[in-house]
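[1] The following block contains a protein sequence and its predicted model.
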Amino acid sequence: MVELEVPRIIICGHSDCGAIKAILHPEKLGRIPAVSRWLSLGRDALALLDDGFKQTSDAERITRLTKLNVLSQMKRLETHPSVIWRLRCNDLTIQGWVYEIHTGRVEAFNPQTGEFEIWPD
Ligand SMILES: [Zn+2]
């Protein structure tokens, strides 16, 4: 088990992410077992995406899946025993960001609104 002595962990997704595209279109990935296993971490996010985003464009689905995957990885991290303890002690914060590479814009997840918002606001 790894313990990090940091006050804040940022889970940062990004635009034009090859991993997100591969999760959305696994048929284009071919047979790369190690990569497929790693990408399986994104299945939780994909399940959420398919609830409401069947009709949208591929670009919108990629953006939405990028954000859902950040939230999913935050939730996964929050289940780690040492993280649970530090969150209870208010000793650690976990933030979710999405970085848009071509503009440099960052959207940060706001737990109060449940939305990603442009940062700094
Ligand atoms: Zn990526």
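    That came through fine.

[2] end-to-end on stretch 32-49?
    End-to-end distance of stretch 32-49: 24 Å, with CA to CA, to the nearest Å as the criterion.

[3] Which residues does it contact?
    Stretch 32-49 has contacts (CB atoms under 8 Å, 6 or more residues apart in numbering) with 19-20, 22-24, 26, 29, 61, 64-65, 68-69, 71-73, 75-76. C-betas here are computed from N, CA, C, even on glycine.

[4] Now with 10 Å, please.
    The set of residues external to stretch 32-49 that reach it, using CB atoms under 10 Å, 6 or more residues apart in numbering, is 13, 17-20, 22-24, 26, 29-30, 56, 61-62, 64-73, 75-76.

[5] quick one: which of these sit in helices?
    18-20, 22-24, 61-62, 64-73, 75-76 (DSSP state H).

[6] tell me the contacts of residue 117?
    Residue 117 neighbours (CB under 10 Å, 6+ apart): 106, 107, 108, 109, 110.

[7] Strands - which of those land there?
    Under the assignment DSSP state E, the contacts of residue 117 contribute 106, 107, 108, 109, 110 to strands.

[8] Can you add distance to residue 38 and pLDDT and give these back as CSV?
    CSV is the format used below for those (distance: CB to CB, whole Å; pLDDT from 0 to 100):
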residue, distance to residue 38, pLDDT
106, 25, 97
107, 24, 97
108, 25, 97
109, 23, 97
110, 29, 96
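
[9] hmm, which of the contacts of residue 117 are the buried ones?
    Among these, those scoring as buried are 106, 107, 108, 109 (criterion: 16 or more other CB atoms under 10 Å).

[10] Show me which of those is closest to residue 118.
    residue 107 (5.7 Å; CB to CB).

[11] Name the residues linked to that closest one by a beta bridge.
    Counting by DSSP bridges, residue 107 forms beta bridges with residue 98, residue 118.

[12] Tell me which residues touch it, please.
    Contacts for residue 107 (CB under 10 Å, 6+ apart) come out as 13, 63, 66-67, 70, 96-100, 115-119.

[13] Next: residue 20.
    Applying CB under 10 Å, 6+ apart, we find residue 20 in contact with 13-14, 39, 42, 45-46, 61-69.
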